[in-house]
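Colleague: Here is a sequence with its predicted model. Questions after.
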Amino acid sequence: MQQQIQAYEPNDVWCIDFKGWWKSDGEICEPFTVRDKYSRKLLCVQLMTSKTSEAVRAVMTVLFKKYGLPKAIHSDNGSPFAAPNGLLNLTSLSAWWITLGIMPDRSLKGCPGQNGSLERLHADIANEIEGKIKGGISANQKFIDEWVKEYNSIRPNEAIGMKVPDELYTQSPRKYTGDYDEIDYPFGFLTRKVTASGEIIVNSIRITIGYALKGLQVGLKPTQEENIYEVFLTDFLLGTLDMNSTCFYPLENLKSK
């Protein structure tokens, strides 16, 4: 998987993570944070009651509608962002990003500092909010929403030359228009839908591709070698399918056409 994609303008990279939880009036407050890497703008600090792919996807759908699509999303290697034993460590969440043209980008294992922008943010939340607001999730979320507005529009940030994030951030020109029921591949590709068990069927043979891709369509591009195909998810090369051995060989990193 790609590592540490650089950000040269807004929406090149969004950084995401869960901050550690705290309790307020017996309720668990666990923030899901999303930040634009270039401008340092906080796009989301949402207290979550679930950390599943489905719960995170619902929040990110709202963000995509509001701000457009980033080119890449950087995360650590934890769930639901990555699966240690899956194809390219993909989950259903990160596979969905790929269908939208977003490259998953990850910190090296054991190196949380590679998502340092969020580590510093989480420290600020811990110092200024955590354990200080009574009233449970509702009261904490209300306070956080106002805190985020101040963070983005009033507080100078040393990392961006003492400007405020709102001075640098602009919405992405890549608009979110919804998810794809079907993926169109170029002429000459073979299109195969990944089954619920993570397989595709080619010449009546079932070949394991990856459970995270279930329900999605992959494209098989014939190569100059007989019975050898490159396997794509939208524009991203996942690996090589060798029908001589009926084996799929994933790449170490995603590659775009």
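Modeller: Cool, the structure landed. Numbering: from 1, shown residues only.

Colleague: going forward, measure contacts and count neighbours with C-alpha atoms only.
Modeller: Will do.

Colleague: Now do the SS call for Gly131.
Modeller: coil (DSSP: H, G, I helix; E, B strand; the rest coil).

Colleague: next one: Arg192
Modeller: Applying three-state DSSP: Arg192 is strand.

Colleague: residues in contact with it?
Modeller: 200-202, 217-220 (Cα atoms under 8 Å, 6 or more residues apart in numbering).

Colleague: which one of those sits closest to Phe32?
Modeller: Gln217 (29.6 Å; Cα to Cα).

Colleague: Figure out how far the strand ranked longest in the chain is from the centre of its chain.
Modeller: If you go by DSSP state E, the chain has its longest strand at strand 247-256. When C-alpha coordinates are averaged (Cα atoms, centre = their mean, to the nearest Å), strand 247-256 and its chain have centres 18 Å apart.

Colleague: Also stretch 12-20?
Modeller: Stretch 12-20 sits 9 Å away from the centroid of its parent chain (Cα atoms, centre = their mean).

Colleague: Could you list the buried residues of it?
Modeller: In terms of neighbour count (16 or more other Cα atoms under 10 Å), stretch 12-20 has its buried residues at 12-19.

Colleague: picking up where we left off before, in JSON lines, list the contacts of Arg192 along with secondary structure, pLDDT and neighbour count.
Modeller: As requested, these are arranged in JSON lines below (DSSP: H, G, I helix; E, B strand; the rest coil; pLDDT from 0 to 100; neighbours: other Cα atoms under 10 Å):
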{"residue": "Ile200", "secondary structure": "strand", "pLDDT": "96", "neighbour count": "21"}
{"residue": "Ile201", "secondary structure": "strand", "pLDDT": "96", "neighbour count": "13"}
{"residue": "Val202", "secondary structure": "strand", "pLDDT": "95", "neighbour count": "14"}
{"residue": "Gln217", "secondary structure": "strand", "pLDDT": "96", "neighbour count": "24"}
{"residue": "Val218", "secondary structure": "strand", "pLDDT": "97", "neighbour count": "27"}
{"residue": "Gly219", "secondary structure": "strand", "pLDDT": "97", "neighbour count": "25"}
{"residue": "Leu220", "secondary structure": "strand", "pLDDT": "97", "neighbour count": "24"}
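
Colleague: what's the farthest-apart pair in the residues you listed?
Modeller: Val202 and Gln217 (13.1 Å).

Colleague: quick one: the helices in this protein?
Modeller: Under the criterion DSSP state H, the chain contains helices at 53-67, 92-99, 116-128, 136-153, 165-168.

Colleague: deepest of those helices, which one?
Modeller: By mean neighbour count, with neighbours taken as mean count of other Cα atoms under 10 Å, helix 92-99 ranks first of the helices of the chain at a mean of 21.

Colleague: which secondary structure elements does that one contact?
Modeller: Applying 3 or more Cα pairs under 8 Å, 6 or more residues apart in numbering; DSSP states H and E, one finds that helix 92-99 contacts helix 53-67, strand 103-106.

Colleague: next one: the shortest one to chain centre, how far?
Modeller: Pointing back at strand 103-106 there. The answer for strand 103-106 is 7 Å, by Cα atoms, centre = their mean.

Colleague: so what secondary structure elements neighbour it?
Modeller: Packed next to strand 103-106, using 3+ Cα pairs under 8 Å, 6+ apart, are strand 72-75, helix 92-99.
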